[in-house]
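Undergrad: output the structure for:
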Amino acid sequence: MTQTPPANDVAMGTILLSSHRDAESLLELVRRFAPGACVGAEGETGSAIIQYSDGGVELFLTPIDASHAGQEVVDYIHPILTEEEEIPHIINHSAQLLVVAARLGGGNPGRAREERREVRQAHARAIRGLIDMEEAVGYVRPGTTMGLRALRGQLADATQPPVYLHAPVWLWAGDDGLTAYTFGLADLGHPELQVVASAAEPAEIFTLLCDLVAYVAEKGATLSDGDTFGRTGGERIPLTGARWLVDAEQDALRLEI
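TA: Numbering: from 1, shown residues only. Got it, this is the predicted structure:
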């Protein structure tokens, strides 16, 4: 029987497909980057699940011959990470590949944040090996749908932190200035980051928050209320505790920029 991992030790995302790809044909692709992969038992959808291990993390890949349910797939299309011509392909997808990474068992409480990072890094390696499929047209993670050109560009360099997978940055301009936030750092046991009513340029805010996501997700850094952050010797950006813009029950850190 498959063990059920704790919720915070799971990373999941869905690759949207233009057409269904069965487990046997998918297995050939997966074995190029995970030679030990095999077809396991059928999941709840009736589809066979491909399984393999990566550094103590278990990966489960489930091809599903149906479109992704829910209007949020369209509602949450990221305007920066999705090109206009990619949107119709996302909307009209007809199949999907669910990718789940999990550390089974109780884990080590003393390494909780580190283990969360390891799960998400293994998940990112799986996505890197899969998104060049001919059928792939988009990617869905909690709170965000994105096209593949931006994601492929980031994942093409294995040394570049996959921040679009870990915690994509959303931003919009309002009457009072620019507002932005991350969506996913809480899964790593860290407060989300946000900027409110800033006069800074959108590209500057987007790059800054992406840099901070990489700092937290890949380096294991912890940012706290009252800290300052700087990418250069002369830069000092204060961080202030706040409630997250998306969900007021969650903690966040506001960058005063």
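Undergrad: pretty sure Ala102 contacts Glu58?
TA: Yes: with contact defined as CB atoms under 8 Å, Ala102 counts as touching Glu58 (5.4 Å). (Glycine included, C-beta is placed from N, CA and C.)
Undergrad: okay, the two: which has more neighbours?
TA: Ala102 (22 against 19; other CB atoms under 10 Å).
Undergrad: contacts only, for the more buried one.
TA: Pro5, Asp9, Val10, Ala11, Val57, Glu58, Phe60, Val119 (CB atoms under 8 Å, 6 or more residues apart in numbering).
Undergrad: for those residues, which single residue is the most surrounded?
TA: Of the contacts of Ala102, with other CB under 10 Å as the count, Ala11 tops at 30 neighbours.
Undergrad: just the element for Met12, please.
TA: Applying DSSP states H and E as the criterion places Met12 in strand 10-17.
Undergrad: how about the contacts of Ala102 in a markdown table, adding distance to Arg128?
TA: As requested, the contacts of Ala102 are exported to a markdown table (distance: CB to CB, whole Å):
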| residue | distance to Arg128 |
| --- | --- |
| Pro5 | 22 |
| Asp9 | 21 |
| Val10 | 19 |
| Ala11 | 13 |
| Val57 | 14 |
| Glu58 | 18 |
| Phe60 | 17 |
| Val119 | 15 |
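Undergrad: and the two most separated of these?
TA: Asp9 and Phe60 (13.2 Å; CB to CB).
Undergrad: so what pLDDT did Glu42 get?
TA: Listed pLDDT for Glu42 reads 66.
Undergrad: nope, Leu59 is what I was after
TA: For Leu59, pLDDT reads 96.
Undergrad: give me the beta-bridge partners of it?
TA: Tyr52, Ala101 (DSSP bridges).
Undergrad: what's around it, how many residues?
TA: Neighbour tally, Leu59, other CB under 10 Å: 23.
Undergrad: ditto for Thr232
TA: Thr232: 6 surrounding residues under other CB under 10 Å.
Undergrad: before we move on, what about Val213?
TA: Residues within reach of Val213, counting by other CB under 10 Å, total 27.
Undergrad: now do the contacts for the spatially closest residue to Ala34 that is not a sequence neighbour.
TA: In space, and not counting its chain neighbours, Ala34 is closest to Tyr52: 4.2 Å by CB to CB, 6 or more residues apart in numbering. Tyr52 is in contact with Val30, Ala34, Gly36, Ala37, Cys38, Glu58, Leu59, counting by CB under 8 Å, 6+ apart.
Undergrad: please identify which of those is nearest to Ile87.
TA: When those are compared against Ile87 (criterion: CB to CB), the nearest one is Val30, at 28.2 Å.
Undergrad: OK, contacts around the residue nearest to that closest one when sequence neighbours are not counted?
TA: Distances taken as CB to CB, 6+ apart place Ala37 nearest to Val30, at 4.5 Å, with adjacent residues excluded. By CB under 8 Å, 6+ apart, Ala37 lies in contact with Leu27, Val30, Arg31, Ile50, Gln51, Tyr52.
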